[in-house]
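In: One predicted model, sequence on top.
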Amino acid sequence: MKREIKSLARRALSLALCAVMALSLLPAAFAADLQPAASQNINDQDYPYYDANYATPIQSYLYENQSGGLTRVECIEDALLVEDYDSQFQIQASRSLPLELPRWGGFFAGADYNFVVVGQNNKEENNSTEVVRVIQYSKDWQRLGSASLRGANTTYPFDAGSLRMAEYGGYLYVRTSHTLYRSDDGLNHQCNMMFSVRQSDMTVTDGFYSPTYMDHGYAAHSFNQFVLVDQSQNIVTLDHADAYPRALTLFRHNTKAGQNSFLSGGGARKNLLTYSGAIGDNYTGAGVGGLAETSNGYVVAYDYDGRLSVDKTHFPDRDMYLAFVDKGLSNVKTSKLSSGYNTTTPVLAPTGLSGGYIMWNRKFPGAPFEYGYDNDLYYARYDANGNVGPVQTATASLSDCAPIYWNGKVVWYVTDASAPIFYFLDDSGVTIKAATGMNTTPVIPGQTAYANTQTVLLDGKSVEFQTYALKDSAGGVTNYIKLRDLAYYLNGTRAQFEVDWQPGRGISLTSGFAYTPSGSELSTPFSGNRPYSPGKNQTIVNGSPRAISSIVLTDDNGGDYTYYQLRDMGRNLGFNVSWLNGQVVINTNKPYSDAQ
C-alpha cells in the first residue's frame, strides 16, 4: 500500500468533505442519510517526508463518550469533525466546527471538558498577535470559553513538531513546538514550548517560550513532544531533540501538577537515546511514537537506524525499540524488537499501569522521495518493568489516531479515502469493525424486503436482475442486488471480481480476478417478499475493510444471501453506474462517478 507524501488527491478529498459537512449538531433521528465522513489518516503516525525528521500535529482522535460508545474527532482542512458512535459503531450524531484560527494544534478529551488548540502565524513578530488559542467545550460540545497566548516569542506555532496535552487538579498542560522570533544570528530557531491553563477561568498561569529554560524542560530543535501527569502528580515530558540536547530526552518537573506554576522548582532530565551527527543537524535517524507510565517507570517507543555517522545520500532501515526508565530516572533499559526491514514510527498503546502494547508497520522505498507501506502489523506486549514479550503479527494498518483502552481492548481507527475502520487488539489478536451509517428508515430485522426485477444495460447489453427492494415511509424504493448475481454478470469484463467468505473475517471482494461460480447465481431457494436483516459481516475490498451497507435474506434452511446497492458496488469496485433515459446503465470501461 503506497502513499504520496503530499497528495493532491488527499487535499481534494478534504476540500470536498468540508464542503458537505453540516455546521451544527446533526442527530441521527433527523438526518436524511447520516453516514460516517471519509478522510485519509492511514500511516499518518509515521514521520512525513523521505528523511522522516519530524512529527506533525495529530489530526485524528478517539475518546469514550458519555453513552459508552466512541467519539471520533478529526481535523479536516479548516473544520473539526466530531462523530458519535454507539457500541456497535453505528453513527449517532455528527458535528462540524469551523476552526477559529487557521493553524491546527490538537485536541484533548478531559474528564470534565473537551479542549481544542488552534493558532496563527506571526511573521511580523507582533507581541499583540494571538498565536495560540485554547478553546474549552462542554462534553456535549457547547463552547464555554478560551485562553490565549499573544506574541509568546512565536512566529509559527506547532511548527515541525506536534502538540499533546495532559491535565490534573483543574489545570491543563499543553506542550508543543514553535518557531521563535529572529535571534541575534539573524535566524528564526525552532524549539519546544509549554504552558498551563487553569480550567475554572481559562487563564494561562505559567509557561516558557524561549531558550532560557534549559533547567525547566527546554529542548531544541524539538521535533516531537509528549506530556503526562503520573500517579504521583509529577509532570513528565519527552522531546525528540537534535541539538540541546541531541537526544530523546525525558524531563520530570519537581513542582507537582495542580498548581498555578509548574516551573518554579526545576526538574530532572534523563536522555534515553543520543545519536550521531552535529549539534543541530535535523537528521537524527529516529522517530518517537509514544510515552507512557507504568507502576515502576516510564516507557518510550521509537525507531532508530543506529548508524554511527551521518550519510545523507542513503537512509538506512530503522529498527524498533522500547526504552524503559525507572522512576528514580537512574537506569535506562532498551529492547530492540526488529531487524532486517524498515519500520514506521511506532504507536504505543498502554492498557494501564501494568503495561500495554507497542505496534508498528513496515515501509519500503517507493517513488523518489516517497515511501510505501504494507498492512502487516507487528505488535508486542510490554509489562510494568519494560520487559517485552514475543513480537506477533496481524493484518492491520496504523494511523495518527492514538489508541485508547476501551471495553478491555485497545482500539484505534484508520481511514483510507474512506469511512473509519475500527481496529481492536487484545491478547487474542486483532479484530476489525467498519463504521456504519444510519438512515431515517432504519433496517430492522424482520422488516420486509419486496421481490422485484430490474433491467440493467450492462456494457450495451440488457440483463435482468432479481432484486429486493426496501421501501421508506414515503414509499420510495431502494433496490438491492444479490452479490453473486452481480459477480456472475461482470465476469469477463474489466470490472470482474472474485467473491470469498471466511468465518470471522467476512465477505472478501478482489478486483481483476475471475469470479468462481458457487451454483447459487441467478436463483434463490425462495421467492416473493421476504423478511431481511442488516448485513453484519464486514466487506473487505482488495484487502481493505470498507463500510458498505448490505441486507441479508435467509432461506428456510438457514442459508444467507447478501444483497448490496448497485451504486455502492460501483463506488467500491470502480465501475460506472448511471441513470439514462429511465434505465440503469453499467459501463465497466469507465470509472465510478457520483455525478451521474
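Out: Now that the structure is in, tell me what you want to look at.
In: Point out where the protein drops to low pLDDT.
Out: 1-33, 50, 308-314, 366-370, 438-446, 472-475, 503-505, 537, 594-596 (pLDDT under 70).
In: Look up which helix or strand residue 485 falls in, please.
Out: Per DSSP states H and E: residue 485 is located in helix 483-490.
In: For the helix or strand following that helix, list every residue counted as buried.
Out: Next in sequence after helix 483-490, counting helices and strands by DSSP H and E, comes strand 497-502. Judged by neighbour count (16 or more other C-beta atoms under 10 Å), strand 497-502 contains these buried residues: 497, 499. In this view, the C-beta of every residue, glycine as well, is placed from N, C-alpha and C.
In: If you count contacts, what does strand 497-502 end up packed against?
Out: With contacts taken as 3 or more C-beta pairs under 8 Å, 6 or more residues apart in numbering; DSSP states H and E, strand 497-502 sits against helix 483-490, strand 506-511.
In: quick one: strands adjacent to the shortest one?
Out: Take DSSP bridges as the rule and strand 506-511 pairs in its sheet with strand 497-502 (antiparallel), strand 539-541 (parallel).
In: Other residues contacting the last one?
Out: Spelled out, it's strand 539-541. For strand 539-541, the surrounding residues in contact (C-beta atoms under 8 Å, 6 or more residues apart in numbering) are 434, 505-509, 511, 545-546, 548, 550, 572-573.
In: let's go with 6 Å and repeat that
Out: Under the criterion C-beta atoms under 6 Å, 6 or more residues apart in numbering, residues 507, 508, 509, 546, 548, 572 lie in contact with strand 539-541.
In: What of the first one?
Out: For strand 497-502, contacts defined as C-beta under 6 Å, 6+ apart pick out 487, 507, 508, 509, 510, 511, 513, 515, 573.
In: rerun at 7 Å
Out: For strand 497-502, the external contacting residues (C-beta atoms under 7 Å, 6 or more residues apart in numbering) are 483-484, 487, 490, 507-511, 513-516, 573.
In: Restrict it to CA atoms and write it as CSV.
Out: Extracted in CSV, the C-alpha atoms of strand 497-502 (Å, rounded to 0.1, in the frame of the first residue of the first chain):
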residue,chain,number,x,y,z
PHE,A,497,-14.2,-9.6,-9.2
GLU,A,498,-13.8,-12.7,-7.1
VAL,A,499,-16.0,-13.3,-4.0
ASP,A,500,-14.9,-15.2,-0.9
TRP,A,501,-16.2,-15.6,2.6
GLN,A,502,-14.2,-16.6,5.6
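In: now that strand: how far from the chain's centre is it?
Out: Strand 497-502 has its C-alpha centroid displaced from the chain centroid by 28 Å (C-alpha atoms, centre = their mean, to the nearest Å).
In: Residue ranges of each domain in this protein, please.
Out: 110-284, 443-587 (automatic domain parsing).
In: And the residue lying closest to residue 162 once chain neighbours are set aside, how far from residue 345?
Out: Nearest non-adjacent residue to residue 162, counting by C-beta to C-beta, 6 or more residues apart in numbering: residue 55, 4.4 Å away. Applying C-beta to C-beta, to the nearest Å, the value for residue 55 to residue 345 is 8 Å.
In: Which one's more surrounded, the two?
Out: Neighbour count, other C-beta atoms under 10 Å: between residue 55 and residue 345, residue 345 has more, with 28 against 25.
In: so what's the nearest residue to that one once chain neighbours are set aside up against?
Out: Nearest residue to residue 345 in three dimensions, chain neighbours excluded: residue 287, at 4.0 Å (C-beta to C-beta, 6+ apart). When contacts are counted by C-beta under 7 Å, 6+ apart, residue 287 is found next to 47, 52, 302, 303, 345.
In: which two in those are spaced the farthest apart?
Out: Using C-beta to C-beta, the contacts of residue 287 span at most 11.8 Å, a distance reached by 52 and 302.
In: For the two, indicate the residue with more neighbours.
Out: residue 302 (28 against 23).
In: In three-state terms, label that one for me.
Out: Here residue 302 is recorded as strand under DSSP: H, G, I helix; E, B strand; the rest coil.
In: Can you tell me how far it is from residue 220?
Out: Applying C-beta to C-beta to residue 302 and residue 220 gives a distance of 19 Å.
In: Check residue 238 too.
Out: In terms of C-beta to C-beta, residue 238 sits 15 Å off from residue 220.
In: Looking at these two, which is more packed in?
Out: It is residue 238, of residue 238 and residue 220, that has more neighbours when counted by other C-beta under 10 Å, with 27 against 20.
In: Now render the domains of the chain as CSV, adding distance to residue 387.
Out: As requested, those are exported to CSV (distance: least, C-beta to C-beta, whole Å):
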stretch, distance to residue 387
domain 110-284, 17
domain 443-587, 31
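In: Residue 415 is nearest to which of those?
Out: domain 443-587 (9.8 Å).
In: Pull the distance from that closest one to the chain's centre.
Out: That offset, for domain 443-587, works out to 30 Å (C-alpha atoms, centre = their mean).
In: Show me where the stretch 451-596 of the chain has its strands.
Out: Along the stretch 451-596 of the chain, counting by DSSP state E, counting those that start in this stretch, strands occupy 461-471, 477-482, 497-502, 506-511, 530-534, 539-541, 544-546, 550-554, 560-564, 576-580, 583-587.
In: got the buried residues for the fourth one?
Out: Using 16+ other C-beta under 10 Å as the burial criterion, the residues of strand 506-511 that qualify are 506, 507, 508, 509, 510.
In: returning to that earlier point: out of the domains of the chain, which is closest to residue 389?
Out: Once the domains of the chain are compared by C-beta to C-beta, domain 110-284 is nearest, at 20.9 Å.
In: rewinding a little: closest to residue 349 out of the strands paired with strand 506-511?
Out: Closest to residue 349 of the strands paired with strand 506-511 is strand 539-541 (C-beta to C-beta; 23.5 Å).
In: No more questions from me, cheers.
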